[in-house]
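Enquirer: The sequence and its predicted three-dimensional model are supplied below.
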Amino acid sequence: MRQIIIAGHGGPERLRLREAADPVPGDGEVRIRVRASGVNFADVLARQGLYPDAPKPPCVVGYEVSGVVDAVGPQARPEWVGSEVFALTRFGGYADTVIVPEERVFDKPAALSHEQAAVLPVNYLTAWQLLVVMGALSRDETVLIHNAGGGVGLAAIDVAARVGARILGTASPAKHAFLKQRGVDEVIDYRTGDWTREVARLTDGRGVELVIDPLGGAHWRQSWRVLRSTGRLGMFGVSTASGTGLGGRLRLLKVGLGMPWFNPVALMNQNRSAFGVNVGHLWGETAKIRTWMDALLAGVDEGWVRPHVDRTFPLADAAAAHRYLEQRRNTGKVVLTA
């Protein structure tokens, strides 16, 4: 098989293509010949040496794939063989062949391509957990989606629109027209002026009930300030820490020092809450994951789950995919194809 390894921490040039022996599925496992692998910002941080969950180099990252099952191990259902599926991988997804426990494998909807199916595991599960499970968003509320043009951002727009909430989003101007078409009610250019003032203006000074924020550090403080009573802040990344070498580590330190502290008494007095989401730490919650995914797959059938692939890159061009993502050029998902 072919796989992309992180040969060492650093820039995109540290991603290398290598050949390896085909893996053999063990008890309760299936082997998938991969057609598409999702690229996430966590993969970029792992390559930069800023993602503590990642294995030490040389390693293969990647949390999600779509493809065709060609073998199963003992105790796995033989009916999987020949099935088109998508799956959550605990790293290892940057490859043309992966082994996955069958409880993390799902039938691919016929309406979706393999590239679109590779959007579902991380982006849509994260959005569902942020908005529905922990964010408890309702139709009479307003949600602010930061980085609305990213993979999780677009998934969150779909989920929020399904709920019936009012949607505000931050993004660069080049993405505004597309985001309006996707269902964002008001798009805010975060690069000019004070976006918190624009949120106040758009909400008549009341603020929003839910903010989802992947940026981290002091940005979370700003997001906290735009919450109204009963507001919730959902945090799911620290993308502002991105950087290589010493500069990246210093930036990560700055992000850490800028993070807000949440005092329980202040939370009570302000009637607000804060929570964090990391789908990569839910490996022991298979039943929850499958329940959430069942709801999302129903959304595919009903037409409100609309995975958007911005650009695909051949597996061998993973370095180019990382550069594209780091430069924030994507609107939606970046995918590797095997």
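Expert: In hand now; what should we look at?
Enquirer: so what pLDDT did residue 253 get?
Expert: Residue 253 carries a pLDDT score of 58 in this model.
Enquirer: swap in residue 250?
Expert: For residue 250, the model assigns a pLDDT of 58.
Enquirer: do residue 291 as well
Expert: For residue 291, the predicted pLDDT is 98.
Enquirer: count of neighbours near it?
Expert: Residues near residue 291, counting by other C-beta atoms under 10 Å, number 12. For every residue, glycine as well, the C-beta is placed using N, CA and C.
Enquirer: For the helix or strand harbouring it, name the packing helices and strands.
Expert: In the assignment (DSSP states H and E), residue 291 maps to helix 286-302. Here helix 286-302 touches strand 105-107, helix 125-128, going by 3 or more C-beta pairs under 8 Å, 6 or more residues apart in numbering; DSSP states H and E.
Enquirer: Kindly compare burial across the ones you listed and name the winner.
Expert: Greatest average neighbour count among the helices and strands packed on helix 286-302 goes to helix 125-128 (a mean of 26), per mean count of other C-beta atoms under 10 Å.
Enquirer: Dump the C-alpha coordinates for the next helix-or-strand element following that one into PDB.
Expert: With elements assigned by DSSP H and E, the helix or strand that comes after helix 125-128 is strand 142-145. What follows is strand 142-145, C-alpha atoms only, in PDB (Å, rounded to 0.1, in the frame of the first residue of the first chain):
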ATOM      1  CA  THR A 142     -28.900  33.100  17.100                       C
ATOM      2  CA  VAL A 143     -25.600  31.300  16.500                       C
ATOM      3  CA  LEU A 144     -22.300  32.900  15.500                       C
ATOM      4  CA  ILE A 145     -20.100  30.600  13.500                       C
END
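Enquirer: in its sheet, what does strand 142-145 sit against?
Expert: strand 166-171 (parallel), strand 208-213 (parallel) (DSSP bridges).
Enquirer: What lies in contact with the first one?
Expert: Judged by C-beta atoms under 8 Å, 6 or more residues apart in numbering, the contacts made with strand 166-171 from elsewhere in the structure are 141-149, 153, 157, 160-161, 179, 183-190, 195, 199, 202, 208.
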